[in-house]
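> With the input below, show me the fold.
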Amino acid sequence: MAVHEQCQSERIRNRKEQAISAKVFVGNLDYATTEGELTDLLSAAGQIVDVYLPSDRATGRPRGFAFVEFSKEEESAEAIRMFNGYELNGRQLNINPAEDRPARAGGGGPRGFRPPDGPPGGGGFGHGGGRPFKSKGSRRGLRGRKRSL
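Below is the predicted model of the structure:
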């Protein structure tokens, strides 16, 4: 049994080592900068796991920043040291450790969204103020309720 536990703890440790990564935020990019150019430049600091260049939803044009994930935290620190202020395509790069995105207010869903079993309220679409959504029902039912008052 002890051998089994030792193997299991070793597998968990290996998974944690693989999961450890470090992301950096690369700002002030020229819109023409490609993922390949960024990878070629920053690979001098260490092994790159992923490069993400977000684009604008409406225009499809790059947004001028990127997130680069290295295999080790030391490599990301080296990239910051080596390339923060470095000029690429006529722009000085701003490279910082990437911060985790903060949780959105209201549970992370669209404004006014409320799960079926969740608390009432919600805000958007004119049904806020802490009151649960009330359907209008049929006209006949509405007239009948008015008469009974």
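
> end-to-end on stretch 92-101?
Stretch 92-101 has an end-to-end distance of 24 Å (criterion: Cα to Cα, to the nearest Å).

> ok, and what's touching that stretch?
Outside of stretch 92-101, the residues within contact range by Cβ atoms under 8 Å, 6 or more residues apart in numbering are 22-29, 67, 76, 79-80, 83-87. C-betas here are computed from N, CA, C, even on glycine.

> got it, and stretch 58-76?
20-31, 33, 35, 38-39, 42, 45-56, 79, 97-98.

> residues of that stretch that come out buried?
Pro62, Gly64, Phe65, Ala66, Val68, Glu69, Phe70, Ser71, Glu75, Ser76 (16 or more other Cβ atoms under 10 Å).

> for Pro102, helix, strand, or coil?
coil (DSSP: H, G, I helix; E, B strand; the rest coil).

> What distance do you get for it to Glu69?
19 Å (Cβ to Cβ, to the nearest Å).

> With Lys23 instead?
5 Å.

> Repeat that for Tyr86.
Distance from Tyr86 to Glu69, by Cβ to Cβ: 19 Å.

> Three-state assignment for Ile80, please.
Going by three-state DSSP: Ile80 is helix.

> wait, doesn't it sit right on Lys23?
No - with contact defined as Cβ atoms under 8 Å, Ile80 does not count as touching Lys23 (11.2 Å).

> ranges for the strands of the chain?
22-27, 48-52, 66-70, 87-88, 91-92, 94-97 (DSSP state E).

> what would those look like in a markdown table with mean pLDDT?
Output for those, formatted as a markdown table (pLDDT from 0 to 100):
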| stretch | mean pLDDT |
| --- | --- |
| strand 22-27 | 94 |
| strand 48-52 | 95 |
| strand 66-70 | 96 |
| strand 87-88 | 94 |
| strand 91-92 | 96 |
| strand 94-97 | 94 |
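
> residues contacting Ile48?
Thr39, Leu42, Val68, Glu69, Phe70, Ser71.

> try it again with 10 Å
Applying Cβ atoms under 10 Å, 6 or more residues apart in numbering, one finds that Ile48 lies in contact with Leu38, Thr39, Asp40, Leu42, Val68, Glu69, Phe70, Ser71, Glu75, Ser76, Ala79.
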